[in-house]
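Enquirer: Sequence below, structure please.
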Amino acid sequence: MYFHSFFCLFSKDCSVSCMFTWDGLQALCRRQKLVCKQLSVTKNCFRDYEVEYLCNYKKIKDREFFLVKWKGYSEAENTWEPHKNLKCPKKLRQFRRDMRLALLLANKPQDSTSLDAFCASFLLQKARQRQKLVRWEEQLNRTCKHKGRIFVLNEVDMDGPPKNFVYISDYRIGEGVKMSQTATGCECVDCIKEPVNGCCAGASKHRMAYNDSRQVKVKPGLPIYECNSQCRCGPDCGNRVVQRGIQYDLCIFKTANGRGWGVRTLERIHKNAFVMEYLGEIITSEEAERRGQMYDKQGVTYLFDLDYVDDVYTVDATYYGNISHFVNHSCDPNLQVYNVFIDNLDEHLPRIAFFATRPIKAGEELTFDYKMTIDEVDAESTKMDACFSVAGIAGTPIKRMRMECRCGVEKCRKYLC
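Expert: Numbering: from 1, shown residues only. Prediction:
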C-alpha cells in the first residue's frame, strides 16, 4: 500500500510514491542511478554522498576514523571514514561534544583511542535523537504560517519530540462551540494615524490598542480589536498585529532543572511587542471540567479559561497547540496576556495573545504567570480573570494538586497553586 505525501513526485521521467523526505528521495535516485529533474539529480551527482550522522570513533596510529551513517542508506551500510574524507564541520563539532560527554559519563579518559559499548550506544542514541528533533523542527516550520522560525534543541537528556501532540497554526473548534465571522469592517485608509470613527476598536466603543510601532499601548485587562477580513485596509495595516503571527525566531529547548520543555527567544523583543498566541482546541466549560478531572490525575494540564465576560469556553492545548504549549511559568514573567478580537467578535471567544512586559534579550526564556492577575483599571478590566489551570479547574469541586514552582526568581511564590 502506497501513501501519497507532500513529497510524492509524478512526471514522465520519474514516478515515485513513498514517504521519503525530499533529501531521502534524492539519495534514493542517486543510489539507483536515476536521473530526476524535479529533484535536481543528474548523472554528475550519482556518486555524491551526504553524512546523516556520526555514531562511533577510533584512532589508529594518530589517524582518526568516524563511523558514518549515510543519508538515504541503511545503518547496515555504515562505513568507517578517515577524518580527511568528511566535509561536515558542524556535524564533526557536535559529535566531538557528544563524545566528550559520553566519556565523562563513562568515567573514561578524554584521549581514548576507541569507545566502549556504553559510549558507542550513547552516541548512536544521541544521533538518532537529533534526527528525530530535526524532522520535528522541519514539520513545525512547514505547519507555521508566520515569519518567525522555530528551532528545537535538547542538550539535557535523550527525549525526542513529545508524543500525542499535534502542532496547529489556528484554533481547533471542539464540539458544541459555535463561531461566526464578523459582517462589518472599517473604512479607514490609515487605521493608526487617521482612524474613521475610531476604526474597529471604536465600533466596539474601545480605544485603538497599538501605536505606530505595532506595540500595545492599552493596559492589561482592556480588549484589543484588530482589523478583520471585511476591512478596507490592507495586510500591512498597523492594526493587524496578532493576525500576522510570530515575528521572532524562537527555540523550543529542554530545561536543565526539571521543568521539561521551555521556549526562548533567539532575537531581541521590544517591550509591549506581540510575541505569540495561545492556541489549542476550544471546548465548552462542561467538557473542560470533564477533561480537568482526567488531567488532574496526570498532575498537569493546559486548560486556559476564556473568561473575558463569562466562563463559557476553554482552550485546551494538551494535544493540539502551538509553541505556547511549551512556555513555562514564572512568578516574574516577561509575557502578559491580552484578549484579542479579529474576525470573531463574540466576547465569549477572544483570542489569547502574549505581549512582552519588558525588553527581552536574545537567548532569554519566555514565561508567563500561570496564576496571573490583572490590576483593576476600570470595570472592563475586572472581566479578565485569566487563570491558567494546573491540575484541575478553578471554581469547581475538583481537587487541585499543590505543585512546586521551579521558576527560580527572587519573588517566587514556591507553589503554582
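
Enquirer: Need the pLDDT of residue 310.
Expert: Reported pLDDT at residue 310 in the predicted model: 81.

Enquirer: Specify the local secondary structure of it.
Expert: Three-state call for residue 310 (DSSP: H, G, I helix; E, B strand; the rest coil): coil.

Enquirer: That one touches residue 346, doesn't it?
Expert: No. With contact defined as Cβ atoms under 8 Å, residue 310 does not count as touching residue 346 (11.0 Å). C-beta coordinates here come from the backbone N, C-alpha and C atoms, glycine included.

Enquirer: In terms of packing, which of those two has more residues around it?
Expert: residue 346 (16 against 11; other Cβ atoms under 10 Å).

Enquirer: end-to-end on stretch 75-85?
Expert: The stretch stretch 75-85 measures 19 Å between its terminal residues, going by Cα to Cα, to the nearest Å.

Enquirer: ok, the closest residue to residue 408 other than its chain neighbours - how many residues close by?
Expert: Leaving aside its chain neighbours, residue 408 sits nearest to residue 257 (7.2 Å; criterion: Cβ to Cβ, 6 or more residues apart in numbering). By other Cβ under 10 Å, 10 other residues sit near residue 257.

Enquirer: mind checking how far residue 257 is from residue 366?
Expert: Remark: distance between residue 257 and residue 366 (Cβ to Cβ, to the nearest Å) = 16 Å.

Enquirer: One more: residue 110?
Expert: On the measure of Cβ to Cβ, residue 110 and residue 366 end up 36 Å apart.

Enquirer: Buried ones in the longest strand seen in the chain, by neighbour count?
Expert: Counting residues, the longest strand in the chain under DSSP state E turns out to be strand 51-60. Neighbour-count burial for strand 51-60 flags 51, 52, 53, 54, 55, 56, 57 (criterion: 16 or more other Cβ atoms under 10 Å).

Enquirer: for stretch 260-279, same thing?
Expert: For stretch 260-279, by 16+ other Cβ under 10 Å, it's 261-265, 269, 272-279.

Enquirer: try stretch 118-128
Expert: 119, 120, 122, 123, 124, 126, 127, 128.

Enquirer: On the pLDDT front, check the last one for me.
Expert: This points to residue 128. With respect to pLDDT, residue 128 scores 94.

Enquirer: tell me the contacts of it?
Expert: When contacts are counted by Cβ atoms under 8 Å, 6 or more residues apart in numbering, residue 128 touches residue 53.

Enquirer: Name the SS class of it, please.
Expert: helix.

Enquirer: so where do the helices sit in this structure?
Expert: When secondary structure is read from DSSP state H, the chain shows helices at 22-31, 89-105, 117-143, 199-203, 285-298.

Enquirer: Can you check what angle separates the longest one from helix 89-105?
Expert: Taking axes from the mean of the first three to the mean of the last three Cα atoms, to 10 degrees, one finds that helix 117-143 is oriented at 140 degrees with respect to helix 89-105.

Enquirer: Please dump the buried residues of stretch 260-279 into CSV; it should also carry pLDDT and distance to residue 93 for every row.
Expert: Shown next, in CSV, are these (pLDDT from 0 to 100; distance: Cβ to Cβ, whole Å):
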residue, pLDDT, distance to residue 93
261, 95, 24
262, 96, 24
263, 97, 25
264, 98, 21
265, 98, 24
269, 98, 29
272, 97, 39
273, 98, 34
274, 98, 36
275, 98, 31
276, 97, 31
277, 96, 36
278, 96, 37
279, 96, 36
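
Enquirer: And those residues, which two are furthest apart?
Expert: The most widely separated members of the buried residues of stretch 260-279 are 261 and 272, with 26.3 Å between them, by Cβ to Cβ.

Enquirer: and the residue lying closest to residue 369 once chain neighbours are set aside, what is it in contact with?
Expert: In space, residue 369 comes closest to residue 333 once its chain neighbours are excluded; the distance is 4.7 Å by Cβ to Cβ, 6+ apart. Residues near residue 333 by Cβ under 8 Å, 6+ apart: 357, 367, 368, 369, 372.

Enquirer: what about residue 298, neighbour count?
Expert: Around residue 298 there are 10 residues (other Cβ under 10 Å).

Enquirer: And it, how close does it get to residue 80?
Expert: From residue 298 to residue 80 the distance is 46 Å (Cβ to Cβ).

Enquirer: tell me the contacts of residue 149?
Expert: Residues near residue 149 by Cβ under 8 Å, 6+ apart: 141, 249, 250.

Enquirer: Now residue 66: closest residue in space that isn't a chain neighbour?
Expert: residue 54 (4.8 Å).

Enquirer: Spatially central residue in the chain, please.
Expert: For the chain, residue 323 is the residue whose C-alpha lies nearest the centre (Cα atoms, centre = their mean; 2.7 Å).

Enquirer: hang on, it packs against residue 250?
Expert: Yes. In this structure, residue 323 is within contact of residue 250 by Cβ under 8 Å, at 6.0 Å.

Enquirer: Quick check on residue 302: phi, psi?
Expert: phi -120, psi 40 (degrees, to the nearest 10).

Enquirer: Next up, the contacts around it.
Expert: Residue 302 neighbours (Cβ under 8 Å, 6+ apart): 280, 316, 317, 318, 321, 325.

Enquirer: Next up, the contacts around the closest residue to the last one other than its chain neighbours.
Expert: Of all residues beyond its chain neighbours, the one nearest residue 325 is residue 317 (4.8 Å), with distances taken as Cβ to Cβ, 6+ apart. Taking Cβ under 8 Å, 6+ apart as the contact definition, residue 317 lies against 278, 279, 280, 281, 302, 304, 324, 325.

Enquirer: Could you tell me which residues within stretch 295-309 count as buried?
Expert: 295, 296, 301, 302, 303, 304, 305, 306, 307, 308.

Enquirer: which of those sit farthest apart?
Expert: Across the buried residues of stretch 295-309 (Cβ to Cβ), the longest gap, 24.8 Å, separates 296 and 308.

Enquirer: right, and residue 413 touches residue 406 too?
Expert: No. Residue 413 lies out of contact with residue 406 (Cβ under 8 Å); the separation is 11.6 Å.

Enquirer: May I have the phi/psi pair for the residue of the chain most remote from its centre?
Expert: The centre of the chain is farthest from one residue, residue 61, which by Cα atoms, centre = their mean lies 46.6 Å away. Torsion angles at residue 61 (phi, psi; degrees, to the nearest 10) stand at phi 50, psi 50.
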